[in-house]
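Peer 1: sequence and computational prediction follow.
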Amino acid sequence: MRMLRAGRWITVIGLLLLAGVYVRAFAFTPMDRLQGLAQKIMYVHVPAAIWAETAMMLVGLASAFYLFTKDPRLDRFAASSAEVGTVFCVILLTTGPIWGKPIWGTWWTWDARLTFSLLLFFLYVAYLLLRGAVIDPAARARFAAVLGICGMCEVPFIHFSVYLFPTLHPMPVILKPSQPSLPWSMLSTWLLSVGVFTMLYVGFVVQRYALSYLRDRLEAVQEPDNA
Amino acid sequence: MRSPDLLRHAWTVASKDLLVEFRSRTAILSVAVFVVLVLVVFNFGRDPTAVSNIDLAPSILWVTFTFAAILALNRAFLIELENQALEGLLLAPIDRGSIYLGKLIANLVFVVTIEVIGLPLIALFFNVHVLLAPLILVIALATVGFVAVGTLFSAMTVRTRFAELLLPVLLLPFMILPLSWAVQATVRVLANRPLNEFAGWLSMLAVYDVVFVTLALLLFPATVNE
């Protein structure tokens, strides 16, 4: 219960800070000369994208360690990270079209980066569906771990394959081999937002982890033979 | 486990599967008919005056092969459920890796057979030239990649609820990526473009194959061990 409460606090503070990020983005960060207001969505879109991919990598890492140690905590973490990753993926896929409509004139285009973000979302959905389809907890953990590791190995392919296709999507302005091509005033807001999203990820995962721990405890109590 | 043993055992497992299939021939015939039907259905969904065959053929080819392969992959471990044959297979004193390799070989033979049936039909129905060495290479590279992942996943899905439905749901996110590269390469091969225009896609497919065959070999024991 302590963990659940801690997770809730981290999330609440994260959400308040997210509001703070937006106050800063609108009131204290300069407007983009070409994109105008639409550019402000980048402060949510890009951190969500980073965490959508990172969460899948963490699912894979936890899964790999799970197969060696069989520690149920790792499996619980992988499941939590996958659920939270799905949420970030949804944020990515909803903020994208909101930006796309005024800038590109269309909500959706079958551009490589958009298509592959959708692919990442399907990967998460597949992972969650697989977890739901296996009844035996031990088999569920093993199967999910196998899929999680495959998912982790697919993320680099998704990430770098984008560069092989002609794309409409803006190229990275911050995370690229050369210096960030963003003025400090915008970069600082963005960095703050990445920090806030990291906090939200931690907060959500901690809550989700605590809940699944409590659910396992409850099941053990209900079925004394298995306890 | 020495590698000659691994391959020898893998071949034993594969030849068992292929023999079972060769004696009944139900699955391969059904999938072959399915391929023909899908190709015929495609014919109704296109407007030949608006889109030329050469532009349409790569996507028709890959959509057909994708669905046919998924049907084929489902049965790989399904046949082991009868009479608890999988338990027998697992009790055999052979490496788990060789069971996976055996299944992979059998599935590859199965899917390649379907492709050998499908390819001339695509040439016939859509009037494109398909007997091109680079096209065979693209098909081979893409097939190895998604059959490797599919064989691994079918070992898991067969023991879940809604096995037939779950396999495509798990597999398609892993298939779309090599498929997108294969379609890009096929477009260029059919348009007789020089090799350097699609060598990048071929190398991506090759890297994908190496990564996922290795990964599947390592992960397969986790899908069958109790």
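Peer 2: Structure received. Given the structure is predicted, the values throughout are model-derived calculations rather than measurements.

Peer 1: residues from chain B in reach of chain A?
Peer 2: By Cβ under 8 Å from any Cβ of the partner chain, the part of chain B that sits against chain A consists of B:149, B:152-153, B:156-157, B:159-162, B:166, B:169-170, B:172-174, B:176-177, B:180-181, B:184, B:200-201, B:204, B:208, B:211-212, B:215, B:219, B:222-223, B:225-226. The C-beta positions use only the backbone N, C-alpha and C, and glycine is treated the same way.

Peer 1: now the closest residue to B:Ala57 other than its chain neighbours. Its backbone dihedrals?
Peer 2: Across the structure, with Cβ to Cβ, 6 or more residues apart in numbering or on different chains as the measure, the residue nearest B:Ala57 apart from its sequence neighbours is B:Val128 (4.5 Å). Dihedral angles of B:Val128 (phi, psi; degrees, to the nearest 10) stand at phi -120, psi 160.

Peer 1: buried sites along the helix or strand containing A:Ser188?
Peer 2: Under DSSP states H and E, the secondary-structure element containing A:Ser188 is helix A:184-222. Along helix A:184-222, the positions that meet the burial threshold by neighbour count (16 or more other Cβ atoms under 10 Å in any protein chain shown) are A:186, A:189-190, A:192-194, A:196-197, A:199-210, A:212-213.

Peer 1: what's the residue nearest to the spatial centre of chain A in contact with, if anything?
Peer 2: Against the mean C-alpha coordinate of chain A, by Cα atoms, centre = their mean, the closest residue is A:Ala52 at 2.6 Å. Counting by Cβ atoms under 8 Å, 6 or more residues apart in numbering or on different chains, A:Ala52 touches A:Gly85, A:Phe88, A:Cys89, A:Ile91, A:Leu92, A:Ser117, A:Leu120.

Peer 1: quick one: least confident helix or strand in chain B?
Peer 2: Each helix and strand of chain B was given a mean pLDDT (mean pLDDT, DSSP states H and E); the minimum falls on helix B:85-91 at a mean of 83.

Peer 1: how about the secondary structure of A:Trp108?
Peer 2: Going by DSSP: H, G, I helix; E, B strand; the rest coil, the secondary structure assigned to A:Trp108 is coil.

Peer 1: do B:Pro93 as well
Peer 2: Criterion first, three-state DSSP; result for B:Pro93: coil.

Peer 1: hmm, who's touching stretch B:7-27?
Peer 2: Counting by Cβ under 8 Å, 6+ apart, the neighbours of stretch B:7-27 from elsewhere in the structure are B:28, B:72, B:75-76, B:79, B:89, B:94-95, B:97-106, B:109-110.

Peer 1: ok, now stretch B:211-220?
Peer 2: Contacts of stretch B:211-220 from elsewhere in the structure, counted by Cβ under 8 Å, 6+ apart, are A:67, A:146, A:149-150, A:153, A:157, B:96-97, B:99-101, B:104, B:144-145, B:148-149, B:151-152, B:155, B:174.

Peer 1: please pick the buried ones from these.
Peer 2: Among those, those scoring as buried are A:67, A:146, A:149-150, A:153, A:157, B:96-97, B:99-101, B:104, B:144-145, B:148-149, B:151-152, B:155, B:174 (criterion: 16+ other Cβ under 10 Å).

Peer 1: which residues sit in contact with the residue most central in space within chain B?
Peer 2: With distances taken as Cα atoms, centre = their mean, B:Val147 lies nearest the centre of chain B, 3.9 Å away. If you count contacts by Cβ under 8 Å, 6+ apart, B:Val147 has them with B:Ala69, B:Leu73, B:Leu104, B:Asn107, B:Leu108, B:Val111.

Peer 1: ok, and the closest non-adjacent residue to B:Ile122?
Peer 2: When the adjacent residues along the chain are set aside, B:Ile122 lies closest to B:Leu61, with 5.4 Å between them (Cβ to Cβ, 6+ apart).
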